[in-house]
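# Pasting a predicted model and its sequence here:
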Amino acid sequence: RAALPLLADGAVLYLVHAWTRTDTVFENARLTTLDDEYASSIPEAFYRFRTALGAHPDITIHTKLLEGPPAELVLGVARAQNADLIVAGTHGRGAVERWLIGSTSAALLRGAGCSVLLAPPPPPTERLRLVRHMRGSAAVHEPEQWDAELRSFVRRNLDRRTRLEIDDPGLGARVLESGLSLVGATYDARARKIELMFASPTRREAHFTRTLGRVRSVAVTAGARDDDRALFIESDGGGTFLTFLDPPRAPRSSADA
């Protein structure tokens, strides 16, 4: 997406994905199966990638799936197509660290015969939207991001009817509520607790609250149209599952991912 504003009408954009199969000393059928499953999933990932870019009728987009060293293969495609620009993402590391660890981005900078654009990672909320669009789910392990992700989740799903279940190692799985509407979710960094708030569909006052401490991660799963399907909160006390009993009123377009 960082490259799109730079492209003229009639431009050709190559989406290149290079990966390497698992290298083991001994043959391992399970790893071979996982590699094959990953390879077979890439066409769908390319499709999701293109829908995330949105419609651009004046730009021709090609996809290339290659096996081998990423930087070497990307540079090979750029040379073969006489590319004007290579675009790659970064993981937010400092420039010095990128050079010292020999990352793919650094290798592209060293070997490219054309301009290179290194796009910084998007803000956390936007990154999570893109991850959900590409993978169907996104987990957040950084506590400083939980409150923003939970509030965004509520904005997208306010008043949807829910089913709340817990899986407690000592008590087992049980349903805490079914049919109440979602009205709030927050993370209190000082108390290190997440609160989920619910109300009757006919009343907006929150009359049921689930408080969770010792949280490890917050994850959201989404459908093919980026509509939220479930919220999963992992904590030392087990897992809390929030699912919906009704469909979203207005699913977001994939182009908005």
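Happy to help now that I have it. Being a predicted model, the structure only gives us computed values, none of them experimental.
# Dig out what Val16 forms beta bridges with.
Beta bridges link Val16 to Lys64 when assigned by DSSP bridges.
# Let me know whether it touches Ile61 as I believe.
No. The criterion here is Cβ atoms under 8 Å, and Val16 misses it with Ile61 at 11.5 Å. In this view, the C-beta of every residue, glycine as well, is placed from N, C-alpha and C.
# And those two? Which one has more around it.
Val16 (18 against 14; other Cβ atoms under 10 Å).
# quick one, what contacts the more buried one?
By Cβ atoms under 8 Å, 6 or more residues apart in numbering, the residues touching Val16 are 63-64, 66, 73-74, 77.
# could you point out the longest helix in this protein?
Taking DSSP state H as the criterion, the chain has its longest helix at helix 29-53.
# how distant is that helix from the center of its chain?
On the basis of Cα atoms, centre = their mean, to the nearest Å, helix 29-53 sits 15 Å off its chain's mean C-alpha point.
# Arg192 touches Leu212, doesn't it?
No. With contact defined as Cβ under 8 Å, Arg192 does not reach Leu212; the gap is 9.8 Å.
# higher neighbour count, the two?
Taking neighbours as other Cβ under 10 Å, Arg192 and Leu212 compare with Leu212 leading, 21 against 13.
# Could you give the bridge partners of that one?
Here Leu212, judged by DSSP bridges, has bridge partners Ile194.
# Report the contact partners of it.
Applying Cβ under 8 Å, 6+ apart, the residues near Leu212 are 193-196, 233, 235, 237, 240.
# got it, and Phe241?
164-167, 230-232.
# Buried residues, whichever helix or strand it is part of. List them.
Per DSSP states H and E: Phe241 is located in strand 238-244. Neighbour-count burial for strand 238-244, counted by 16 or more other Cβ atoms under 10 Å, picks out 238-242, 244.
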